[in-house]
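Trainee: The following comprises the amino acid sequence and a computationally predicted model.
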Amino acid sequence: MQKPNKRLVGQTCIVTGANSGIGKAVALALGQDGANVVVNYHSRPEDAEEIAHRISKDNISGEAIAIKCDVSKEDQVQAMFKKTIKHFGTVDICVPNAGLQRDAPLHEMTLEYWQEVIDVNLTGQFLCAREAIKEFLKRGMRPEISKSLGKIIHMSSVHQIIPWAGHANYAASKGAIVMLMESICQEYASHKIRCNSIAPGAIKTKINQSAWESEEALEKLLKLIPYQRIGVPEDIGSAAAWLASDESEYINGTTIYVDGGMTCYPGFTTNG
């Protein structure tokens, strides 16, 4: 985790899917920078409450609360924002991170698998971004708090540009996030709303545990990563905290790849 500072003091952020993995690291990093944090979860409330308690204990100025919400459901997303605003007064930063995989070869993929991934990974990000923008516009600028009216940080993946056989639903959802994010930037940048994406590469989380838990699997994975190490959730947390701060104020409509060089296609180092 990055060194604690006061970049986000006085601001409130919602991080979806924040009770584990990348979402947890993002929530902790934003809390370390002084923001109030909403730790969103869909299951395992005890994990979310533990993270919220940890943030509140370590936070230099704010606090954290846990809120249950299925981000694919419009009414639940609206309720989460309403609870957040009632508790903290407003929302300054939204990190739509919640995502899942339902993998299958395309000819065997069920409509249920396809729809579930699209609903959570893409529609969930749309719903959260929409509610955040509504609050940003309603609240207005707070120049003493931030140079931006509000910040949205979409959580994407290197698979927004790298095809992924056997994971077409996941890759399609992440590819669509690029256009969602860039369209939001184009439409709302004049209002001083910043919208960017973080695209993680191979990150050491439970969702991809089979790719790194054995020595053989890790060796195979590292062939795809020029930097020769697997990422950790804290790598993403640090990037998110910086993107949420005024230090990155002129960055808008951009995807930041945190992937150790995976998108440089290391298979071509010997002419392919």
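Mentor: Yes, it's here.
Trainee: Helices of this protein, start to end?
Mentor: 21-32, 45-58, 74-88, 111-118, 124-139, 168-188, 215-222, 233-244 (DSSP state H).
Trainee: pLDDT-wise, which helix or strand of the protein ranks last?
Mentor: Least confident helix or strand of the chain, by mean pLDDT, DSSP states H and E, is helix 215-222 with a mean of 89.
Trainee: centre of the chain versus that helix, how much separation?
Mentor: 26 Å (Cα atoms, centre = their mean, to the nearest Å).
Trainee: Identify the residues contacting that helix?
Mentor: Applying Cβ atoms under 8 Å, 6 or more residues apart in numbering, the contact partners of helix 215-222 are 202, 210, 211, 212, 228, 229, 230. Glycine gets a C-beta too; all of them are placed from N, C-alpha and C.
Trainee: on that earlier part again, out of the helices of the chain, the one nearest residue 257 is which?
Mentor: helix 233-244 (9.7 Å; Cβ to Cβ).
Trainee: now the angle from the closest one to helix 21-32?
Mentor: Computed by axes from the mean of the first three to the mean of the last three Cα atoms, to 10 degrees, the angle separating helix 233-244 from helix 21-32 equals 50 degrees.
Trainee: Which strands and helices lie in contact with helix 233-244?
Mentor: Contacts defined by 3 or more Cβ pairs under 8 Å, 6 or more residues apart in numbering; DSSP states H and E place helix 233-244 against helix 21-32, strand 93-95, strand 150-155, strand 193-200, strand 255-258.
Trainee: what residues does the last one touch?
Mentor: It refers to strand 255-258. 156, 158, 160, 178, 181, 196-201, 231, 235-236, 239, 243, 263.
Trainee: now do the longest one
Mentor: Among residues not part of helix 21-32, those counted as contacts by Cβ under 8 Å, 6+ apart are 1-2, 4, 8, 13, 15-18, 37, 39-40, 51, 54-56, 58-60, 62, 64, 93, 95, 97-98, 155, 200, 203, 205-207, 232-234, 236-238, 240-241, 244.
Trainee: What is the distance between that helix and the centre of its chain?
Mentor: 10 Å.
Trainee: can you check the second one too?
Mentor: Once both centres are worked out by Cα atoms, centre = their mean, strand 93-95 turns out to sit 8 Å from its chain's centre.
Trainee: Next: the third one.
Mentor: Centroid separation for strand 150-155 versus its chain: 8 Å, with Cα atoms, centre = their mean.
Trainee: Can you spell out which helices and strands pack onto that strand?
Mentor: Where contact means 3+ Cβ pairs under 8 Å, 6+ apart, strand 150-155 is packed against helix 21-32, strand 93-95, helix 124-139, helix 168-188, strand 193-200, helix 233-244.
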